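Trainee: I'll drop the sequence and a predicted model, then ask my questions.
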Amino acid sequence: MQNLLDHAMIKYFCLTGLLLLVISGSAQDTTQHVIPGRRNSPEQQKRPYVIMISVDGMRYDYAEKYQAKHLLALSGQGVRAESMIPSFPSLTFPNHYSLVTGMYPSHHGVINNNFYDAGRKEFYSMKDPKKVSDSTWYGGTPLWVLAEQQQMLTASLYWVGSEAPIKTVYPTYYYSYNEKIPIQERIQAVVNWLSLPEETRPHLITVYFPEVDHAGHDFGPDAPETERQVHFIDSAVNAMNEAVKKTGLDVSFVLVSDHGMTNIDREHFISPYSVADTSKFIISGSEVMLQLFAKDKRDIEPAYKSLKAKSNSDFDVYLKSEMPRHLHYGTKDDRMNRIGDILLLSRSPRVFSYKKPKPGMHGFDPYKVKDMHATFIAWGPPFKKDIVIAPFENVNVYPLITQILGLPYTEKIDGKKKALKKILVKRRSFMEQKE
């Protein structure tokens with residue numbers, strides 16, 4: 001009976017999503033892109049398989065808060081973190097890219113969902129397909145690029161950066177981001193990839209679910225609508241796990257989220273116009289952070305002093321050179337020169353907005369606002385069973401995946417191999433099992 005209920009829930013949300021798309025009339029690319037001529041090397045054909053799932057906006061406590069029974073059961077079969085600490089700012093694009101590069105946003109260059117590059121005199125926007133697919137915006141070496149460079153095939157059902165030829169490399173199989181493909185078809189795509197012959201079968205697959213984040217923004221983290229979407233994803237992940245089992249392959253799952261979600265003060269928001277002089281500064285940022293780029297550098301100091309005088313319990317003001325070190329977001333970290341001269345950080349529950357904001361928000365300093373913390377659950381052959389670990393930074397996921405897949409790297413990253421080494425069974429015994 002429960003399986004029928006899970007199926008009914010998935011079907012309901014799929015039909016609802018399709019109806020909304022039909023009404024909006026949005027045109028989206030739903031075709032699978034395949035890079036021809038690639039093959040796994042004989043050595044890579046022996047490597048493990050990893051499916052990396054992102055549930056956008058899945059706050060660290062949602063599984064228990066809303067009794068997501070499948071996720072709780074799966075965590076008992078493997079590893080669960082008390083929470084995972086997102087990189088600052090705790091936003092979608094920066095953190096998805098940190099998860100697959102092992103680098104803080106200021107180091108890989110995707111410093112916000114939307115940001116300004118003063119050198120290029122141009123804005124990047126997560127809603128602009130041309131910018132999203134332009135590889136020159138992205139630093140670091142994403143997991144799929146690292147794997148493909150070593151003749152290990154990969155596939156992506158969405159991930160930040162997967163639609164761009166970073167270092168001239170796409171995943172072998174990938175989709176342009178869209179929300180039109182029903183959940184059953186997404187699950188079937190994963191099964192289809194794992195059913196390919198060994199030489200063309202991807203060993204790393206990334207999958208992304210946006211539903212929980214949408215609900216959290218629109219209704220808040222405590223709303224019944226958010227609870228329903230958590231249960232929907234709980235059913236979807238279980239359905240994928242069961243479908244993958246039928247392939248007969250020993251597949252490992254790493255389920256993460258990019259950030260959490262918190263309630264904000266919708267009635268007392270801060271108008272950016274009230275704090276920034278647009279005649280002297282270019283403004284970039286989001287509800288939780290405004291970045292000011294001076295058109296004339298001589299205006300920085302007087303503007304900073306004026307803003308410091310205005311600042312109160314609603315927001316903090318920093319020069320780029322004075323940003324708190326734990327955020328890794330100041331002058332010394334700004335490798336691609338994309339951080340503003342002056343930064344204004346709102347204090348939860350206040351946000352910057354030109355109009356009444358939505359009930360739920362994220363992006364705040366995760367060391368000050370625990371609600372920003374994300375989810376981490378992993379299960380499969382390389383993981384120890386039924387353990388809970390202390391909170392850790394999300395940049396450590398990258399070296400974890402490289403260890404499982406046996407992918408060496410030489411690029412300097414922020415993640416540490418030793419950080420999550422304790423959750424893995426002894427590598428030698430695991431590889432002996434695979435042989």
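Mentor: Perfect, thanks for sending it. Numbers count the residues shown, from 1 in each chain.
Trainee: got the contact list for the nearest residue to residue 168 once chain neighbours are set aside?
Mentor: Leaving aside its sequence neighbours, residue 168 sits nearest to residue 135 (CB to CB, 6 or more residues apart in numbering; 7.6 Å). Every residue, glycine included, has its C-beta placed from N, CA and C. Contacts for residue 135 (CB atoms under 8 Å, 6 or more residues apart in numbering) come out as 164, 165, 166, 167, 168.
Trainee: pLDDT added to these, as CSV?
Mentor: Below are these laid out as CSV (pLDDT from 0 to 100):
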residue, pLDDT
164, 98
165, 98
166, 98
167, 98
168, 98
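Trainee: show the buried residues in those.
Mentor: Neighbour counting with 16 or more other CB atoms under 10 Å marks 164, 166 as buried within these.
Trainee: got the domain boundaries for the chain?
Mentor: Domain assignment for the chain by automatic domain parsing gives 2-103+140-264+368-434, 272-358.
Trainee: ends of stretch 413-422, what's the gap?
Mentor: 20 Å (CA to CA, to the nearest Å).
Trainee: kindly report the same for stretch 29-36.
Mentor: By CA to CA, the extent of stretch 29-36 from end to end equals 19 Å.
Trainee: count the residues that sit near the closest residue to residue 386 other than its chain neighbours.
Mentor: Distances taken as CB to CB, 6+ apart place residue 76 nearest to residue 386, at 5.2 Å, with adjacent residues excluded. Neighbour count of residue 76, defined by other CB atoms under 10 Å: 15.
Trainee: tell me the centre residue of this structure?
Mentor: residue 96 (2.5 Å; CA atoms, centre = their mean).
Trainee: Three-state assignment for that one, please.
Mentor: helix (DSSP: H, G, I helix; E, B strand; the rest coil).
Trainee: got the contact list for residue 265?
Mentor: Residue 265 makes contact with 349, 350, 351, according to CB under 8 Å, 6+ apart.
Trainee: quick check: the residue nearest to the residue nearest to the centre of the chain when sequence neighbours are not counted vs residue 121, distance?
Mentor: Ranked by CB to CB, 6+ apart and with sequence neighbours excluded, the top spatial neighbour of residue 96 is residue 160, at 3.9 Å. Distance of residue 160 to residue 121, computed by CB to CB, to the nearest Å: 23 Å.
Trainee: of these two, who's got more company?
Mentor: Using other CB under 10 Å as the criterion, residue 160 and residue 121 rank with residue 160 on top: 27 against 9.
Trainee: tell me the pLDDT of the residue nearest to the centre of the chain.
Mentor: Per-residue pLDDT puts residue 96 at 98.
Trainee: looking at it, it is touching residue 159, isn't it?
Mentor: Yes - using CB atoms under 8 Å, residue 96 is in contact with residue 159, at 6.1 Å.
Trainee: what's the overlap in contacts for the two?
Mentor: 54, 208.
Trainee: OK, contacts around residue 327?
Mentor: Residues counted as contacts of residue 327 (CB under 8 Å, 6+ apart) are 88, 365.
Trainee: mind showing which ranges of the protein have poor pLDDT?
Mentor: For the chain, the stretches flagged by pLDDT under 70 are 1-27, 427-435.
Trainee: let's see that with 50 instead.
Mentor: Applying pLDDT under 50 to the chain flags the ranges 1-5, 8-26, 428-435.
Trainee: which residues in it form helices?
Mentor: Counting by DSSP state H, one finds helices in the chain at the ranges 2-24, 62-65, 69-76, 92-101, 105-108, 129-132, 143-149, 183-194, 211-219, 224-245, 300-310, 397-405, 427-434.
Trainee: mind listing the strands for the stretch 151-300 of the chain?
Mentor: Along the stretch 151-300 of the chain, the segments classed as strands by DSSP state E, counting those that start in this stretch run 154-157, 173-175, 204-209, 251-256, 262-263, 281-285, 289-294.
Trainee: which stretch among those comes nearest residue 405?
Mentor: Smallest distance to residue 405 across those (CB to CB): 6.4 Å, for strand 204-209.
Trainee: now do the closest one: distance to the chain's middle.
Mentor: Centre-to-centre, strand 204-209 and its host chain are 11 Å apart (CA atoms, centre = their mean, to the nearest Å).
Trainee: and stretch 293-304, by the same measure?
Mentor: With CA atoms, centre = their mean, you get 33 Å for stretch 293-304.
Trainee: ok, and what's touching it?
Mentor: Here stretch 293-304 has contacts from 116, 118, 277, 280-284, 292, 317, 319, 340-342, using CB under 8 Å, 6+ apart.
Trainee: switch to 6 Å and redo it
Mentor: Contact with stretch 293-304 is made by 116, 118, 280, 281, 282, 319, 340, 341, 342, as judged by CB atoms under 6 Å, 6 or more residues apart in numbering.
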